[in-house]
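Participant: please find the sequence and the predicted model below.
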Amino acid sequence: MFNDFLQGSSLWTPIWLTLRLAALTSLGLLIVGTPLAWWLARTRSRLKTPIEAIVALPLVLPPTVLGFYLLIALSPQGAIGAPWLALTGSTLAFSFSGLVIGSMLYSLPFVVQPLQNAFEGVHTSLLDAASLLGAPPARRFFSIVAPLSVRGFITALTLGFAHTVGEFGVVLMIGGNIPGQTRVLSIAIYDHVESLEYGHANVLSIGLLVFSFLILSLIYSLNRRWRIVPTANR
Amino acid sequence: MTTLLELKNIECRYGQQVAVRDLSMHVKQGSLVCLLGPSGCGKTTVLRAIAGFEPVVHGEIVLDDKIISRPGYSLAPECRHVGMVFQDYALFPHMTVEANVAFGLRGLSMASRRDVTARMLEIVGLSGLGARYPHELSGGQQQRVALARALAPRPTLILMDEPFSNLDVDMRERLSGEVRDILKNQGATGILVTHDQHEAFALGDQIGVMHEGKILQWDTPYNLYHEPVSRFVADFIGQGIFLRGTLLTPDTVQTEIGIIKGNRAYDWPPGAQVDLLVRPDDIVHDDHAPMRAEVIHKAFKGAEIMYTLRLPTGSKVFSMFPSHHDHAIGEKVGIKVEADHLVAFRA
């Protein structure tokens, strides 16, 4: 019976679903988070502080609070759910797409903050120099800012991915427990424990534990040792 | 020579604070000028306004007969064809020296980019270092790379923001002379901003002395030193002290060191109280002179010694003696006045 579990879909479907969710979430956050982090790093606007606070909210809010409001927004009558329903004909709440949206909000600070830190470390005079040498904004970003922020990008992507893998509360609130749709690893573990299948829960939990440990070790070793940019003259 | 750059009554602000007020200046094609002033006088703001990093709230900037800045409009820096050498050099740390210099050379073929880069490195004396990274170079070498990078696209105008301030004194003097030669050979038009008058003297054909957002005097180094138009310029440029005196005739002043006659006339009434500028080179050592002064401080400068002397009346003056005139502190020495430039301000 345990061997059936190790080979069966009840083990591999949640793993595959979780990896897909984490990959899509990190990719989406890279697209949304990069301009946001860039703006936060450079702006002198009064909106900077409130926006920074909003971005950091998922760090302190219980996932249930975030999940509760997301559930309302994603419902077929909600601010996001209704137009989505009209556009695609499907509902967002208790769907994989809904989970991606929820995870992106939940993991936002884990992507935006490392990127913002990296961008803030790029001296303004480098950008000024590049613009006087004829580089328009896009070239300034891709040839100066991006290469100097590689470590920030790697940290952001890894943390965003890992944090999404470890998500539980938000999924429980807005995703439920639909196999292949919203039954991610953390939910599957919870489910196994509820059904007193401790062996199954143990396999998945050890997997997550090792994965998380490896990811964090990777980030710390990157931050300590790997220097794409020599820092001697900065 | 035609006027290349003109600033017409520009004003720049940071929030409510006025950094530059009603400032006008002309820069002729092929000339090198300096904006000299203490920190916070607005000189860097002027440079940043010319580069397009700061907007003007009043007036306009005209480069090559084209308005590049006026209130509500600012041509993007990347479209100005202006080069700049930054105080921290701003070399791209992830690129080699070669890639740094070639950064501004877009729209050229690979071969001609390589040629121009090689030639620029040769001009600044860094041939063979093209494959290095900026952090592998000394401060002076980084400075040269910054200059080569700024000059490579042949900018209409080159701006330099305290370019030598991170170098030690020896290097600063050598490099400022070299940079002047390079710029002159290239026929470049340049504006240097500095708080260091020696740097300004070494580089600039013309110097504008700035204070509180305004240019107080726009002149040659010689005239700034010998004919300052205001008390601030007199004080800021060179060394010197003011002695109180009384105007006898339009060009003579009675002071505690005697009657001094100068080369220009003031239209103040005789008897007016004036402050007379006395430079170290106005007071010379003369053992036979009746006027004696006490040495209270001395600074050895190599070829000369700068003495601070106390006059019998208690006033202090500076004097530069040849180096072998070595006097102890407390000793009385004979001095006489040899001033033909009379610079006085109404007390």
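Facilitator: Received it, and whenever you're ready, just let me know what you need.
Participant: centroid-nearest residue for the chain?
Facilitator: Reading this off chain A. A:Gly160 (3.3 Å; Cα atoms, centre = their mean).
Participant: not quite, I wanted chain B
Facilitator: Nearest residue to the geometric centre of chain B (Cα atoms, centre = their mean): B:Ala200, 2.6 Å.
Participant: tell me the buried residues in stretch A:174-184?
Facilitator: Within stretch A:174-184, the residues scored as buried using 16 or more other Cβ atoms under 10 Å in any protein chain shown are A:Ile174, A:Gly175, A:Gly176, A:Gln181, A:Thr182, A:Arg183, A:Val184. The C-beta positions use only the backbone N, C-alpha and C, and glycine is treated the same way.
Participant: next, format those as TSV and append distance to chain B and secondary structure.
Facilitator: Formatted as TSV, the buried residues of stretch A:174-184 follow (distance: Cβ to the nearest Cβ, whole Å; DSSP: H, G, I helix; E, B strand; the rest coil):
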residue	distance to chain B	secondary structure
A:Ile174	42	helix
A:Gly175	42	coil
A:Gly176	47	coil
A:Gln181	44	coil
A:Thr182	43	coil
A:Arg183	44	coil
A:Val184	39	coil
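Participant: pLDDT added to those residues, as a markdown table?
Facilitator: Below are these laid out as a markdown table (pLDDT from 0 to 100):
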| residue | pLDDT |
| --- | --- |
| A:Ile174 | 88 |
| A:Gly175 | 84 |
| A:Gly176 | 80 |
| A:Gln181 | 84 |
| A:Thr182 | 83 |
| A:Arg183 | 87 |
| A:Val184 | 88 |
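Participant: related to what we said a few turns ago, next one: phi and psi at the residue nearest to the centre of chain A?
Facilitator: Backbone torsions of A:Gly160, given as degrees, to the nearest 10, read phi -60, psi -40.
Participant: follow-up on the earlier one: show the contacting residues for the residue nearest to the centre of chain B.
Facilitator: Contacts here follow Cβ atoms under 8 Å, 6 or more residues apart in numbering or on different chains; on that basis B:Ala200 touches B:Cys34, B:Leu36, B:Leu192, B:Thr194, B:Ile207, B:Pro221.
Participant: can you give me the strands for the stretch 51-200 of chain B?
Facilitator: Assigned by DSSP state E, counting those that start in this stretch, the strands in the stretch 51-200 of chain B fall at B:58-63, B:66-70, B:73-74, B:82-85, B:157-161, B:190-194.
Participant: and the contacts of the longest one?
Facilitator: To tie it back to what came earlier, the one meant is strand B:58-63. B:4-11, B:22-24, B:49-50, B:67-71, B:80, B:82, B:156-157.
Participant: got a ChimeraX select line for the buried ones in the residues you listed?
Facilitator: Burial among the contacts of strand B:58-63 is assessed by 16+ other Cβ under 10 Å; the matching ChimeraX selection reads:
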select /B:4,5,6,7,8,10,11,23,49,50,68,69,70,80,82,156,157
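Participant: quick one on the thing from earlier: export the contacts of B:Ala200 to JSON lines and tack on distance to A:Ser75, pLDDT and neighbour count?
Facilitator: Listed next are these as JSON lines, based on distance: Cβ to Cβ, whole Å; pLDDT from 0 to 100; neighbours: other Cβ atoms under 10 Å in any protein chain shown:
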{"residue": "B:Cys34", "distance to A:Ser75": "68", "pLDDT": "95", "neighbour count": "27"}
{"residue": "B:Leu36", "distance to A:Ser75": "68", "pLDDT": "94", "neighbour count": "29"}
{"residue": "B:Leu192", "distance to A:Ser75": "65", "pLDDT": "94", "neighbour count": "29"}
{"residue": "B:Thr194", "distance to A:Ser75": "65", "pLDDT": "93", "neighbour count": "26"}
{"residue": "B:Ile207", "distance to A:Ser75": "71", "pLDDT": "95", "neighbour count": "27"}
{"residue": "B:Pro221", "distance to A:Ser75": "77", "pLDDT": "91", "neighbour count": "21"}
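Participant: looking at those, spot the one nearest chain A.
Facilitator: B:Leu192 (15.8 Å; Cβ to the nearest Cβ).
Participant: is the closest one in contact with B:Met160, as I believe?
Facilitator: Yes. Using Cβ atoms under 8 Å, B:Leu192 is in contact with B:Met160, at 4.5 Å.
Participant: convert stretch B:219-236 to CSV, retaining C-alpha atoms only.
Facilitator: Taking C-alpha atoms only, stretch B:219-236 is exported to CSV below (Å, rounded to 0.1, in the frame of the first residue of the first chain):
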residue,chain,number,x,y,z
ASP,B,219,37.7,86.4,-15.6
THR,B,220,41.2,85.0,-16.3
PRO,B,221,43.1,83.5,-13.4
TYR,B,222,45.5,86.5,-13.3
ASN,B,223,42.7,89.0,-13.0
LEU,B,224,40.9,87.0,-10.3
TYR,B,225,44.0,87.1,-8.2
HIS,B,226,45.1,90.6,-8.8
GLU,B,227,41.8,92.4,-9.6
PRO,B,228,39.0,90.7,-7.6
VAL,B,229,35.8,92.6,-8.0
SER,B,230,34.4,91.7,-4.6
ARG,B,231,35.5,91.0,-1.1
PHE,B,232,34.4,87.3,-1.4
VAL,B,233,36.5,86.7,-4.5
ALA,B,234,39.5,88.5,-2.9
ASP,B,235,39.1,86.3,0.1
PHE,B,236,38.4,83.0,-1.8
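Participant: would you mind listing the buried residues in that stretch?
Facilitator: Quick answer for stretch B:219-236 (16+ other Cβ under 10 Å): B:219, B:221, B:223-229, B:232-234, B:236.
Participant: swap in stretch B:148-159?
Facilitator: B:Ala148, B:Arg149, B:Ala150, B:Leu151, B:Ala152, B:Pro153, B:Pro155, B:Thr156, B:Leu157, B:Ile158, B:Leu159.
Participant: quick check: the first one vs B:Asp161, distance?
Facilitator: Right, the one you point to is B:Ala148. 17 Å (Cβ to Cβ, to the nearest Å).
Participant: what's near enough to touch whichever residue of chain A sits closest to chain B?
Facilitator: Relative to chain B, the nearest point of chain A is A:Leu133 (3.4 Å; Cβ to the nearest Cβ). Contact analysis of A:Leu133 by Cβ under 8 Å, 6+ apart lists B:Glu78, B:Gly83, B:Phe103, B:Gly104, B:Arg149, B:Ala150, B:Pro153.
Participant: which of these fall in helices?
Facilitator: Residues of these located in helices (DSSP state H): B:Arg149, B:Ala150.
Participant: in CSV, list the contacts of A:Leu133 along with pLDDT and distance to chain A.
Facilitator: Shown next, in CSV, are the contacts of A:Leu133 (pLDDT from 0 to 100; distance: Cβ to the nearest Cβ, whole Å):
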residue, pLDDT, distance to chain A
B:Glu78, 95, 5
B:Gly83, 95, 6
B:Phe103, 96, 5
B:Gly104, 94, 3
B:Arg149, 96, 7
B:Ala150, 95, 8
B:Pro153, 93, 7
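Participant: tell me which of the contacts of A:Leu133 is nearest to A:Gly81?
Facilitator: Nearest to A:Gly81 among those, counting by Cβ to Cβ, is B:Glu78 at 44.1 Å.
Participant: ok, the closest one - contacts?
Facilitator: B:Glu78 neighbours (Cβ under 8 Å, 6+ apart): A:Ser131, A:Leu132, A:Leu133, A:Gly134, A:Ala135, A:Pro136.
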